[in-house]
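[1] sequence and predicted structure below; questions after.
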Amino acid sequence: MTAVDVRDLFRVHRTEEGDAAALQGLTLQVAAGEIVTVLGPSGSGKSTLLRSLAALEPPSAGVVLVFGRDVGRMAAQEASRYRAAEVGIVDQHYDRALSPDLSCEQIVALQPALLGIPERERHARAGELLARVGLAGAAGSRPDRLSGGERQRVAVCAALAHRPRLLLADEPSGELDAASAAGVYALIRELAHEAGTTVVLVSHDPGSVEIADRAVRIRDGRVAEEVRRDGREWAVIGHGGWVRIPPAMLVEGGFADHARIERDDGGLALRPEAGGAPAAPAQPATAGPAAADAGEAARLRGVSVSFGSRMVLDSLTAGFRSARLTVVSGRSGSGKSTLLAVLAGLQPPDSGTAEVIGQPLAGLDRSALAAFRAQSVAFAGQQPGLSGFLTATENIVVALAVRGIADGEAGRRAAIELRRLGLDHRAGQLVERLSAGERQRVAIARALAAGAPLVLVDEPTSRLDQASAELVAAALAGAAAETGAAIVCATHDPLLIGRAGEVLELGQLPD
Amino acid sequence: MSTSLRTEARRLAAPIRVARARVAARRGPAALVAVSVAVAAALLLGVQGGASAASQQTVSRTIAALAPEARAIRLVAVGTPGSGAGADLDPRATAALHRLTPAPLVRTALLPLSRIGGTTISPAAIDAVGRWVTLRSGRLPERCDPQLCEVIRVAGETPKQLAGPGIRLQVVGEGVLSSALPFGSADNVGASAGNRKTAPLLLAGDVAGLLSIPAFSSAYRTLGWVAPLQPDSIRPWQIAGLLERSAEAQSSLAATGVDFRLTAPERQLVAARSASTAAERRLQLVGGEAAALLLAFLLLTAFTIRRGLTAEWERLERRGARRSQLWLFALTESAAVTLPGVAVGWLLAVVSTAVIAHWASLPVRATLSDSLLTWPAAGLALAGWAIATLVLLAALRPPAVVRVGPLQAADLLAAGALAALLLAAGRSSSTAALAAEPDPLLAMLPVLVALLAALLIGRLLPPLLRLAGRRSGGLPLAGRLAVITLARAPGRAAAAAAFLVVSLGLALFAASYRQTLVQGQRDQADFAVPVAAIASSGARLVPPLEAAPAARFAALPGIGQALPVDRIPATAPSSGGPPAAVDVIGVPPGGLDSISWRERPTGAQGDLSAGQARLRGVPLPAGARRLSMRVQPAGRVDVSLSLRTPAGGFVSVSLTGPAAELAAPIPAAAQGGQLIALRVTRRAAGALSDEHQGAEGSGSTGQAGALRLGPLRSDAGSVTGWQGFVARGVLASPRAAGGGVVVRYALVGGTGGVLRPAQATDGRPIPVIVSPDLAGRAAGDLVQLSLPGRQLAARIVGVAERFPTVPAGRGFAVADGTTLETALNADAPGTAVPSEVWLAGAGGDGLGRALRAPPFDVLDVRVHDEELRRLEADPLARGAEITLLAAAALGMALAIGGLLLTTQGGVTDERSTLYDLEAQGVAPATLRRQIRLRSALVAVLGAIGGLAMGLVLAHFTVQLVTISAGAEPPDPPLRGAGATLLLAAMLAVYAAGSAVAVLLPTARALREPAPLRPTGDLP
């Protein structure tokens, strides 16, 4: 029996700045009782898929059938009833998912209570589940008394307390350490299999694939690949008549922009276009003065950072070379952003040292660090503070004014970097009228325009389609080579990883 | 209960349980919200309670100020038993009065003068007579029946026992009436029972017993039932019902055919009720605005709990909670936060009202049970709770912005507010509206102005900020960042600025309006008594300068100058309409400079005293005691002389004599004085005959002829030979003849003529400053005034809106006193004498006391400081001032509190922006500076807008709400007080408070070892 049947699902988010397509013709079927992991980079549409399955977002086009019901066309009240009775949701941010003011037992029993299940019955169910996950003693405690792993276990119990037929889990291990993450995956599989619950699990984490009957990878709002339990990867061929090939395979096969299709042993074979040059990583036309010096722009020695009881970076030692794009990769919550913050002097390590451009950061106070950043570090975070009422160029000019760069010179640099990122035609446009992806590119241009020897960029392609992501990847790699700057980029986007001179992988799950 | 119902009940209980758990766990963040609700509720309900107390005090004072005999509801029946005024009236009368008041009744009976045993007496009775009589001797009467009626003698002399056919009276004591209440005034007693001054009043202690005496069984009698009114016995809200029931009782009693008269102090009660209602509404207006402002503050504070509630809402939504469950959750949480606020506010209001009532010597329990412990008050509290809950709910789950084409709902709202404001401004005086029928537009005035100001700022500020942000290139970095960060979230900046404008505007409005009311009280006192005190002729009609010379007045404590003032009633002609009533007022030279005159016309005073004319006369020789002159033919007419005394008074001396030689002694007061005029009138008998014939319609005959007047001589020498004298009235111009003159006359009725020296005012209109309506009746600059017995031509040299002491609706013509007296006394000596003395100076505590002691105690006295104290002590005025003061303080506190929240919000809510800026290399000190700068910018915008709004609001209110602090139509009308110093002081307080509000949250901000990373960036 098919539990989930999604066909040609489009979801367009309408914003004041313009429309953004999160899902573009996604098609996916999940059998009843099956556990499917949905993989994909940030911004690929994974969470939108889950929200569509939960009837929290109506489709712009296409059909979403869950257990035979068209949840995409449900009225609000019917959708609420469907969610309350049929769906369990586990959120990445358990602090956001768990009410801080209710006890664990109240949290687990809440959804049955919303359904009007008698008190004795729902409390018995809550007690049973909490006992199953080893938290019977914490039934009366509030979530803030529990560790991250325990909280996420409570969240899983809360999502399954009303015996839903479909469990939707969005990065359930996103804020957990590796051991806790593995425990949560195991718990989901165990409880789901017991109840015959269908599971759609969204994650960056390869570990999540281990509990799945099937994994699909989505890109640009479409399912691009499928990995089955036998380990074989299959490209997904949509009924629209086109096929998407993983970029790495294209590079490996020497494909450029076009391919020839030939019948081959009962199948179809793709041949690269004759004379087609492989899409090699962009190289700098000319190397800047710093490019010749491929020494280390920054170094971390034994750096540890923890938030509460959770260790994010554990005795990390790494170097970041000038004139090179270094990608820091890892699953969500592995400490990529924290590493960038440490390098920028925005996050003091609990232990260990950070040295940037020969300057030990430990000796600098907050003001001195700010002054140091103004001279030596450019930073493009996940939430760039662009001003919507200023143009792309004006935003860059204001940011460079902080660094003491005159408006004229700043304008010149802004023009160069916006052109590098394919935004020269949008330079005079108000940022509030740009799409989310364009804004992200403006933020990157702002960082590059600073001319700092160390450029830190956090998830630069999370809101970009593939073409833009490729453009950004090329731009970052090119800028590193051209300016001699060390560009450190936190991401798990294979496109960027493919362009990186070096890759630092964080938060590997234990074998 | 069916299963489905039970299931539904459990479904609804689930979100309520969540809300309950959250409120229990989040007492801290909810406290600020609850406090703002509590303050709003306390203010709204406290104003309600305070207004009720002030109203009650007004009514109580009104009743207490009544004369004792008027402080009652009195039912009187007159007639004989045959006409229905028998003893059997009592149940009907008692029932009628008990429908009006539960007060115990006093029964009285007055019988006509009766002659018993050879003695004329006035028999009367009061039940429980001991309460109303003070015994001087003997005892109180104990029985009264046909066999023996014991009485006490209240006045006159009588034997101890009086007996006649069917009556036996025994005088058992002697006393006096201790109160006029039972019988009303002494005149009432006289009117009912004849002349009580000569007939002894014998008072029995039993009305029914007295009426049962056979001798009085058929006598004409006046029966009375009196319900005394205690100051606290009538509540303001009872007055309308009382008057209505009184009218009904009168109708039903009139239907009985008995001559009933029901009287109560209706006029005073209606006036008190009207004033208290108007004042109550104004208090509610100000209190309501302040409460509305606090609700706006609630919106600001709501943001402190918004994030948590929104997160919980989303959690529940994801778990499939239905709309009804979601809204029930939000409603429960909002209501749970606001309920304690309303309860505490109500408690505070009860306590404050109790304290106010205690201070005002009002019964605390009754005041509370009339105001806050009533169902309407409970309804108000519940409505406040509902409104606060809905406001909070709207802040927590804001509705989507409604658009109509290019316009937002806010634009339409602003247009509506503007239209309503223009409509309100277009209306005329609202006195009646506020006093009787409340005008909702006027009551909404501050709300409309505030709404309009807030909406204008909300719409105009964002584009201006964005423009400034794009043009900020030349500013220092902190300034540039401040402008840019403001422009990044212009809605938030506009909301903060709008709140500051509204709260500061209300504060400045309340303060300046209070100042206006206080100034209005001073103006009213100045208008009623424009100098330290005014002494005028009282009931005894003694001219003030006869009571004491001017020098004696000037010697009073705190008095520097005594100004004799003439006030003569006159009329001014009108084309077609009735003549206008005018006061002609003469003020001594320079006197106008010494009085408080708000609408003083500039420059006109000099014109007034220019060409001042003193009354010319012929000095009487020193030592002269007697005057004589020869008049021929003798005995045809009456001849008298008008003399002016050295003190300034006038004396008329009739010359008499057996033949042509007439003479008269000079009165002592006039010795050393002046001869002003010789007056010729028809002899008294002839004049009377003429008047009689005129009345009969047969016409008067009149009398004409010529007189030869010899020189006027005194025993100390010649006085005048009449040369240079001019004739006025019925006399023709004199012709010299011998040592005297010959003058022809034509006398009709009581008219006469005078012969007098030529005066400077002859043929010249006197200069006057007049009221606008009088100016409108002038021909060019000349106006003709009709004074008793003569006309006065006046030339207008100035127009003033008002002149002190002249009530609204009455015209005036102010002249130089000397010139006015000359013009009037020349032809009719003595017609213009000062009727008032205005005492200029600083005054002082002892002035009133001194003026009420001999020799001034025969005069009516009005003391400026006493008038001012009376106005200031008015409970309604005090209530208004206290409320406005509280509103001003509250508005100021909220403005500063709002700025504090805004600045704090700039530190905490924009963490990601600050983080990004610091990540770009901006130093924390620069970030702190930019936060302070933008808060300062918002504060300055708030100050400018608040000042403008406060002034506009005060202007509108003064123009439209034309009632005084004491809720009466003020005379003179209120005028917006300049209050520059006050506003400057308030702005200084605001600046100091703003500095604290900006520095306090930023002083320790951004001083952690590392910047706080935004949540989304973790880890």
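    It's in. Numbers count the residues shown, from 1 in each chain, chains lettered A, B, ... in the order given.
[2] wait, residue B:180 touches residue B:71, no?
    No: counting by Cβ atoms under 8 Å, residue B:180 stays clear of residue B:71, with 9.8 Å between them. Backbone N, C-alpha and C define where each C-beta goes, glycine included.
[3] what's the closest non-adjacent residue to the residue of the stretch 851-1000 of chain B found nearest chain A?
    Nearest residue of the stretch 851-1000 of chain B to chain A (Cβ to the nearest Cβ) works out as residue B:921 at 2.7 Å. Distances taken as Cβ to Cβ, 6 or more residues apart in numbering or on different chains place residue A:374 nearest to residue B:921, at 2.7 Å, with adjacent residues excluded.
[4] run a quick neighbour tally on the one you found.
    Residue A:374: 20 surrounding residues under other Cβ atoms under 10 Å in any protein chain shown.
[5] contacting residues around it?
    Going by Cβ atoms under 8 Å, 6 or more residues apart in numbering or on different chains, residue A:374 touches A:402-404, B:920-922.
[6] next, give phi and psi for it.
    phi -60, psi -30 (degrees, to the nearest 10).
[7] state the helix or strand in which the residue of the stretch 51-200 of chain A found nearest chain B lies.
    Nearest residue of the stretch 51-200 of chain A to chain B (Cβ to the nearest Cβ) works out as residue A:84 at 2.6 Å. Taking DSSP states H and E as the criterion, residue A:84 maps to helix A:76-86.
[8] residue B:639 now?
    According to DSSP H and E, residue B:639 maps onto strand B:637-644.
[9] elements contacting that strand?
    Contact partners of strand B:637-644 among helices and strands, from 3 or more Cβ pairs under 8 Å, 6 or more residues apart in numbering or on different chains; DSSP states H and E: strand B:626-632, strand B:650-655, strand B:674-682.
[10] can you add mean neighbour count, distance to residue A:318 and mean pLDDT and give the ones you listed back as CSV?
    Listed next are the helices and strands packed on strand B:637-644 as CSV, based on neighbours: other Cβ atoms under 10 Å in any protein chain shown; distance: least, Cβ to Cβ, whole Å; pLDDT from 0 to 100:
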stretch, mean neighbour count, distance to residue A:318, mean pLDDT
strand B:626-632, 19, 134, 91
strand B:650-655, 18, 119, 90
strand B:674-682, 24, 122, 90
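[11] can I get the ones you listed in TSV with distance to residue A:8?
    Below are these laid out as TSV (distance: least, Cβ to Cβ, whole Å):
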stretch	distance to residue A:8
strand B:626-632	132
strand B:650-655	117
strand B:674-682	120
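[12] now render the ones you listed as TSV, adding distance to chain A.
    Output for the helices and strands packed on strand B:637-644, formatted as TSV (distance: least, Cβ to the nearest Cβ, whole Å):
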stretch	distance to chain A
strand B:626-632	102
strand B:650-655	87
strand B:674-682	90
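[13] near chain A, which residues of the stretch 301-450 of chain B are found?
    B:311-312, B:315-323, B:325 (Cβ under 8 Å from any Cβ of the partner chain).
[14] low-confidence ranges in the stretch 101-250 of chain A?
    Across the stretch 101-250 of chain A, the ranges flagged by pLDDT under 70 are A:174-178, A:229-250.
[15] next up, the contacts around residue B:456.
    Counting by Cβ under 8 Å, 6+ apart, residue B:456 has contacts residue B:414.
[16] can you tell me how far it is from residue B:463?
    Applying Cβ to Cβ, to the nearest Å, the value for residue B:456 to residue B:463 is 12 Å.
[17] picking up where we left off before, need the pLDDT of the residue of the stretch 51-200 of chain A closest to chain B.
    You'll see residue A:84 listed with a pLDDT of 90.
[18] what's the helix or strand for the residue nearest to it when sequence neighbours are not counted?
    Nearest non-adjacent residue to residue A:84, counting by Cβ to Cβ, 6+ apart: residue B:320, 2.6 Å away. Of the helices and strands defined by DSSP H and E, none includes residue B:320.
[19] may I have the phi/psi pair for residue B:320?
    Dihedral angles (degrees, to the nearest 10) for residue B:320: phi 90, psi 10.
[20] wait, it sits on residue A:78?
    No: with contact defined as Cβ under 8 Å, residue B:320 and residue A:78 do not form a contacting pair (10.8 Å).
[21] the more surrounded of those two?
    residue B:320 (25 against 14).
[22] count of neighbours near residue A:149?
    23.
[23] may I have whatever helix or strand it lives in as CSV, with CA atoms only?
    Residue A:149 belongs to helix A:148-160 when assigned by DSSP H and E. Only the C-alpha atoms of helix A:148-160 are listed here, as CSV (Å, rounded to 0.1, in the frame of the first residue of the first chain):
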residue,chain,number,x,y,z
GLY,A,148,19.9,17.4,24.3
GLY,A,149,19.6,13.7,23.4
GLU,A,150,17.0,13.2,26.1
ARG,A,151,15.0,16.2,24.9
GLN,A,152,15.0,14.8,21.4
ARG,A,153,13.9,11.4,22.7
VAL,A,154,11.0,13.2,24.5
ALA,A,155,10.2,14.9,21.2
VAL,A,156,10.1,11.6,19.4
CYS,A,157,7.8,10.2,22.1
ALA,A,158,5.6,13.3,21.8
ALA,A,159,5.4,12.8,18.0
LEU,A,160,4.4,9.1,18.4
